[in-house]
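Asker: Could you look at this predicted model? Sequence included:
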Amino acid sequence: MKARVRIWISGKVQGVFYRDNTRRWASSMELSGWVRNLPDGRVEVLVEGEKDNIESLERKLKKGPPLSRVDDVRTKWEDYKGEFLDFRIT
């Protein structure tokens, strides 16, 4: 089943390869969308694809890459739109 979710991650998630790891994980799971830093220090992810793969990505985001520290993860499920061809860092 195709799905779409917006995820906000807070903690030590900027400057620790968090976005690059997110892009690699999402691409390997055949997910599309983007990841970006926010001015308040959080990272935002908008991702589309198979719901099971999105849930797997969300589990990885909660753990983060080795140098990160994830304090909180918020998600908002949205209607699938199919608007992305790949996964990018913006």
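Answerer: Right, received. Where do you want to start? Note that the coordinates shown come from a computational prediction; the quantities given were computed from them, not determined experimentally. Numbering: from 1, shown residues only.
Asker: Check the chain and tell me which residue is nearest its centre.
Answerer: Centroid check for the chain by C-alpha atoms, centre = their mean gives residue 45 as the closest residue, at 3.9 Å.
Asker: Now that residue: closest residue in space that isn't a chain neighbour?
Answerer: residue 7 (4.3 Å; C-beta to C-beta, 6 or more residues apart in numbering). (Glycine included, C-beta is placed from N, CA and C.)
Asker: Would you agree that neighbour is in contact with residue 74?
Answerer: Yes: using C-beta atoms under 8 Å, residue 7 makes contact with residue 74 at a distance of 7.0 Å.
Asker: Comparing the two, which residue is more hemmed in?
Answerer: Between residue 7 and residue 74, residue 7 has the larger neighbour count (other C-beta atoms under 10 Å), namely 23 against 11.
Asker: partners of the more buried one in the sheet?
Answerer: Listed by DSSP bridges, the beta-bridge partners for residue 7 are residue 45, residue 75.
Asker: And for residue 11?
Answerer: Counting by DSSP bridges, residue 11 forms beta bridges with residue 70.
Asker: how near is it to residue 62?
Answerer: Going from residue 11 to residue 62 by C-beta to C-beta, to the nearest Å gives 10 Å.
Asker: One more: residue 48?
Answerer: Remark: distance between residue 48 and residue 62 (C-beta to C-beta) = 19 Å.
Asker: which residues of the chain fall in helices?
Answerer: Assigned helices in the chain, in chain order: 18-28, 51-63 (criterion: DSSP state H).
Asker: for those helices, which one ends up most surrounded?
Answerer: When the helices of the chain are scored by mean count of other C-beta atoms under 10 Å, the highest mean neighbour count falls to helix 18-28 (a mean of 19).
Asker: where does that one sit relative to the chain's centre, distance-wise?
Answerer: Taking C-alpha atoms, centre = their mean, to the nearest Å, one finds the center of helix 18-28 at 8 Å from the center of the full chain.
Asker: How about residues contacting that helix?
Answerer: 9, 32-33, 35-37, 43, 45, 47, 49, 57, 60-61, 64-65, 68, 86-89 (C-beta atoms under 8 Å, 6 or more residues apart in numbering).
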